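> sequence first, predicted model second:
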Amino acid sequence: MCFKNSVFGSCLMLVAFTCWINANISEAFGTFGLDLHHRYSDTVKQFLNVDGLPEKGTVDYYTAMVHRDRLFKGRRLAAASTPILTFVGIGGNQTYNMWALGYLHYSIVNVGTPASSFLVALDTNSDLFWVPCDCKTCPRYFNMTDETRFELSIYSPSNSTTSSPLPCNSTLCGPTRTCLARSNTCAYQQLYGASSSTGILVDDVLHLGSDTNPQDPVDVSVTFGCGKNQTGYFLESGGGINGVFGLGMGGISVPSILASKSVTANSFSMCFSDEYFGRIEFGDKGSPEQKTTPFNVQKSNPTYNITVIQIGVGNNVTNLEFTANFNTGTAVTHLTDPAYSFFVNNFNSRITEKRYHYPADAAFDHCYVLRYF
C-alpha cells in the first residue's frame with residue numbers, strides 16, 4: 001500500500017458496493033448517494049451470498065454474479081418514469097476494473113451499422129465519448145494476464161451505413177471546437193493531462209437495451225469523437241487505449257444526449273464491487289432509501305464535485321471541510337493538506353508493516369511491505 005503527498009492509492013477495498021448517481025443538469029444542483037456496507041456485514045451476506053459462491057471463473061460463478069446483481073436491483077423501491085437502459089451485446093451492462101489498463105473501469109459498447117464493439121474507459125470527469133477511428137498507429141490488441149490476446153476494434157465512418165459527420169453549425173459543435181471548412185465538419189481535441197485524442201465529431205447509432213430479461217433493443221443516434229490521432233498513454237498499455245466514454249454533465253455527453261432526446265431520465269448509476277466488476281445503467285434515479293449529497297455545480301465547468309465535512313481514521317475523527325471531485329478516470333485519490341497529513345499520519349501510526357522507501361524520484365512517499373498469504 002502506498003501514499004504520496006497530495007495523492008493516495010489503495011490496495012484494499014472494504015465496501016461491497018458504491019453507487020454513482022448523475023445530477024439532473026436542468027436543476028441548479030444534483031445529488032450523490034452512497035450506500036456503504038462492509039463486505040462481511042449481514043446485509044451484504046444476505047444479498048450477495050459471499051460465503052456460497054462457486055469457484056471463480058466458472059459458468060456457475062458468473063451466473064451467481066448475475067443473480068446477486070438482480071437482487072440489488074430488486075431493492076430499489078421507486079420505479080423510474082422513463083426506461084432504464086444498459087449496454088447490449090458482450091458484457092451487457094457489466095463494468096470491469098482492469099489493472100492491466102490503468103486500474104480504470106471499463107465497459108464494452110457497440111456503435112455503428114453493422115455494430116462494432118469497443119472496450120472504453122468510463123470517465124466521469126470528461127464529456128466526450130470517442131473511439132479510435134481510421135488511425136494507423138492505434139493499438140490493435142493488448143495481452144491479458146493469462147497471456148491471451150484481446151483484439152481491439154478501430155471505427156471507420158465509411159464502414160457504417162448510419163454514420164454521418166457533425167456539421168459545423170450543430171449546437172454540439174460549440175465555440176470551443178474547430179470547423180473544417182472544406183468538408184463542413186466539426187473537429188475536436190480532447191486533452192487528458194499529457195495525453196490527447198484529436199479527430200472529427202460524427203453521429204452514429206449507439207446500441208442500448210432495456211434492463212429487462214430478455215432485453216428490448218434501443219438504438220439511439222449519439223454524437224461522438226472519431227479519434228484519428230491519439231497521444232500519450234492512449235498509444236501504450238495504459239488507460240483508454242480503445243476509447244473513452246465521457247459521462248460528464250456537458251451537453252455532448254451520452255447521458256445528456258439520451259435525456260435531451262427523452263430516451264431516459266437525465267441520470268445514470270455506476271456500481272462497483274470488490275470483485276473487479278460492476279454495472280452501469282442510464283436513467284437510474286436510485287431509490288427513496290438512498291442518502292444523498294448535493295453537488296457543487298459551477299455553470300461554466302460543471303463536475304461531480306461535493307463537499308467533504310469530516311475525515312476519520314480509526315476512532316480519530318476531524319471536521320476538516322474541503323471540496324472533492326468524483327472522477328472515475330483516475331485510479332488514485334488526490335488530497336491536499338491539511339487533509340492529506342491528517343490521513344497519512346494517522347494511518348502510519350496504526351500500521352504495523354515495515355515502511356518501504358522508494359528512490360527519491362518515485363511516485364509514492366508512504367509505502368509499506370505487505371505480506372500475502
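Ah, there it is.
> stretch 91-102 - what's its average pLDDT?
What stretch 91-102 shows for mean pLDDT is 82.
> and the contacts of it?
Contacts with stretch 91-102, where a contact means Cβ atoms under 8 Å, 6 or more residues apart in numbering, come from 86-87, 103-108, 121-122, 142-145, 209, 211, 215, 233, 237-241, 270, 272, 276-281, 331. C-beta coordinates here come from the backbone N, C-alpha and C atoms, glycine included.
> what residues sit buried inside it?
91, 92, 93, 94, 95, 96, 97, 98, 101, 102 (16 or more other Cβ atoms under 10 Å).
> does residue 152 touch residue 142 like I think?
Yes - judged on Cβ atoms under 8 Å, residue 152 makes contact with residue 142 at a distance of 7.0 Å.
> what touches both of the two?
Shared contacts of residue 152 and residue 142, counting by Cβ under 8 Å, 6+ apart, come down to residue 241.
> of the contacts of stretch 91-102, just the buried ones, PyMOL syntax please.
Command for PyMOL that selects the buried part of those, burial taken from 16+ other Cβ under 10 Å:
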select buried, resi 86+87+104+105+106+107+108+121+122+142+209+211+215+233+238+239+240+241+270+272+277+278+279+280+281+331
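> so which of the contacts of stretch 91-102 are in strands?
Applying DSSP state E to those, the entries found in strands are 86-87, 104-108, 121-122, 142-143, 209, 270, 272, 277-281.
> wait, what's in contact with the residue lying closest to residue 298 once chain neighbours are set aside?
What sits nearest to residue 298 in space, not counting adjacent residues and going by Cβ to Cβ, 6 or more residues apart in numbering, is residue 305, at 7.8 Å. Residues in contact with residue 305 (Cβ under 8 Å, 6+ apart) are 295, 296, 297, 298, 323, 324, 325, 326.
> and residue 305, what's its pLDDT?
92.
> next, find the distance separating it from residue 124.
11 Å (Cβ to Cβ, to the nearest Å).
> quick one: residue 107 from residue 90, how far?
10 Å.
> repeat that for residue 249.
29 Å.
> more neighbours: which of those two?
residue 249 (22 against 10; other Cβ atoms under 10 Å).
> ranges for the strands of the stretch 251-373 of the chain?
Ranges of strands in the stretch 251-373 of the chain, per DSSP state E, counting those that start in this stretch, are 268-272, 277-282, 292-294, 305-308, 311-313, 316-318, 322-325, 333-334, 355-356, 366-368.
> center of the chain - which residue?
residue 122 (3.0 Å; Cα atoms, centre = their mean).
> leaving out the residues flanking it, which one is nearest to that one?
Per Cβ to Cβ, 6+ apart, closest to residue 122 is residue 105, 4.8 Å.
> with residue 331 instead?
Leaving aside its sequence neighbours, residue 331 sits nearest to residue 103 (Cβ to Cβ, 6+ apart; 3.6 Å).
> pretty sure that neighbour contacts residue 333?
No - using Cβ under 8 Å, residue 103 makes no contact with residue 333, being 12.0 Å away.
> and the helices in this protein?
42-48, 59-74, 254-260, 339-350 (DSSP state H).
> in TSV, list the contacts of residue 305 along with pLDDT.
TSV is the format used below for these (pLDDT from 0 to 100):
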residue	pLDDT
295	90
296	90
297	84
298	81
323	92
324	91
325	90
326	87
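> which one of those residues sits closest to residue 315?
Lowest distance from residue 315 to the contacts of residue 305 (Cβ to Cβ) belongs to residue 324, with 22.7 Å.
> is that closest one in a bridge, and if so with what?
Beta-bridge pairing for residue 324 (DSSP bridges): residue 306.
> ditto for residue 131
Bridge pairing for residue 131 - DSSP bridges - gives residue 226.
> for it, give me its contacts.
Residue 131 neighbours (Cβ under 8 Å, 6+ apart): 111, 118, 120, 153, 155, 224, 225, 226, 227, 242, 243.
> how near is residue 133 to residue 158?
Counting by Cβ to Cβ - residue 133 and residue 158 are separated by 10 Å.
> neighbour-wise, which of the two wins?
Counted by other Cβ under 10 Å, residue 133 and residue 158 do not tie: residue 133 has more neighbours, with 23 against 7.
> leaving out sequence neighbours, find the closest residue to the more buried one.
Using Cβ to Cβ, 6+ apart, the nearest residue to residue 133 is residue 226, at 3.6 Å.
> just confirm the one you found contacts residue 155, I think it does.
Yes - counting by Cβ under 8 Å, residue 155 is a contact partner of residue 226 at 6.4 Å.
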